[in-house]
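Engineer: what follows is a predicted protein model with its sequence.
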Amino acid sequence: MSQKQLKSDQKPAERRKWGKRPTYPFVDSSGVLVTKNRRRSIDIRETEKDQSLGRRTSDKQVLDDSDTAPELPSILKDHDFTNVGVPTLETSSNVAQAMELSFQKWRINLSQQEKRCSLGRDQNCDLVVMNRFSSRRHGRIEWRNGQFYFCDHSFNGTYIDFDDGRTTHICRDEIILSGSGVLSLGKPSNVDKEFVVRFIIS
């Protein structure tokens with residue numbers, strides 16, 4: 001018996017055309033009798049398999065489980081901050097006349113005549129703070145509209161502790177300074193008090 005004749009004696013498997021709904025029962029290409037739609041059961045098995053293996057099954061879960069966010073340095077992990085990332089934007093009817101900045105052995109006085117002071121690691125800054133968490137041009141203090149503003153331009157931000165108990169952290173933003181307190185460039189003030197900048201406004 002020739003191979004061609006052998007093939008003609010076999011029952012051809014039913015093949016479904018694209019776009020045509022199958023008629024049950026039918027024999028698939030591997031010779032298996034199909035009596036119902038198997039696609040849904042296969043999808044369910046695959047989903048259960050993914051869940052058992054701990055695979056991510058949705059875009060939302062991928063976003064929730066994403067580990068691309070940078071981890072805080074261990075030196076910052078165990079410290080509690082209030083109002084973190086919420087600048088204290090307050091206004092006052094009193095015009096700020098002068099500000100005194102003190103850092104280690106340096107003293108700088110600002111007023112309506114001497115309106116600006118830059119802070120950072122760069123030697124060209126008015127107040128050089130050699131702290132490894134600070135940026136080269138970390139930020140500046142300037143007098144405008146009767147108030148002293150601190151403008152942050154850094155990567156790690158600035159922690160500000162006011163003597164009245166308020167604490168805030170700003171990053172690439174600005175805040176109105178009032179009263180007195182300390183500025184800590186790039187890290188909380190209680191981590192290393194040697195590098196805090198004290199300010200007093202009168």
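Structural biologist: Now that the structure is in, tell me what you want to look at. Residues are numbered from 1 along each chain as shown.

Engineer: tell me, how many neighbours does Ser189 end up with?
Structural biologist: By other CB atoms under 10 Å, the residues close to Ser189 number 20. In this view, the C-beta of every residue, glycine as well, is placed from N, C-alpha and C.

Engineer: touching, it and Gly181? I think so.
Structural biologist: No. Counting by CB atoms under 8 Å, Gly181 is not a contact partner of Ser189; they are 9.0 Å apart.

Engineer: any residues in contact with both of the two?
Structural biologist: In the contact map built from CB atoms under 8 Å, 6 or more residues apart in numbering, the residues linked to both Ser189 and Gly181 are Asp161.

Engineer: which secondary element of this structure has the worst mean pLDDT?
Structural biologist: helix 59-64 (a mean of 38; mean pLDDT, DSSP states H and E).

Engineer: where do the helices sit along the chain?
Structural biologist: For the chain, the helices defined by DSSP state H cover 3-9, 39-52, 59-64, 74-77.

Engineer: weakest of these by average pLDDT?
Structural biologist: When the helices of the chain are compared on mean pLDDT, helix 59-64 scores lowest, with a mean of 38.

Engineer: flag the shaky bits of the chain, pLDDT-wise.
Structural biologist: Residues of the chain that meet the criterion pLDDT under 70 lie in 1-20, 37-93.

Engineer: quick one, domains of it?
Structural biologist: 3-64, 82-201 (automatic domain parsing).

Engineer: so what's the nearest residue to Val129 once chain neighbours are set aside up against?
Structural biologist: Nearest non-adjacent residue to Val129, counting by CB to CB, 6 or more residues apart in numbering: Leu185, 5.3 Å away. By CB under 8 Å, 6+ apart, Leu185 lies in contact with 119-120, 129, 131, 133-135, 138-139, 154, 156, 158, 195, 197.

Engineer: among those, name the ones in strands.
Structural biologist: Those of those mapping onto strands are Leu119, Gly120, Gly139, Thr158, Val197, per DSSP state E.

Engineer: now those as TSV including distance to Ser29 and neighbour count?
Structural biologist: As requested, those are arranged in TSV below (distance: CB to CB, whole Å; neighbours: other CB atoms under 10 Å):
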residue	distance to Ser29	neighbour count
Leu119	75	28
Gly120	72	24
Gly139	71	26
Thr158	69	27
Val197	77	24
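
Engineer: which among these gets closest to Arg107?
Structural biologist: Val197 (11.0 Å; CB to CB).

Engineer: who touches stretch 97-117?
Structural biologist: 126-127, 129, 140-144, 148, 177, 194, 196-202.

Engineer: before we move on, back to that, distance to Met99 added to the contacts of Leu185, as JSON lines?
Structural biologist: As requested, those are exported to JSON lines (distance: CB to CB, whole Å):
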{"residue": "Leu119", "distance to Met99": "13"}
{"residue": "Gly120", "distance to Met99": "18"}
{"residue": "Val129", "distance to Met99": "17"}
{"residue": "Asn131", "distance to Met99": "21"}
{"residue": "Phe133", "distance to Met99": "24"}
{"residue": "Ser134", "distance to Met99": "20"}
{"residue": "Ser135", "distance to Met99": "22"}
{"residue": "His138", "distance to Met99": "17"}
{"residue": "Gly139", "distance to Met99": "14"}
{"residue": "Ser154", "distance to Met99": "20"}
{"residue": "Asn156", "distance to Met99": "23"}
{"residue": "Thr158", "distance to Met99": "16"}
{"residue": "Phe195", "distance to Met99": "19"}
{"residue": "Val197", "distance to Met99": "11"}
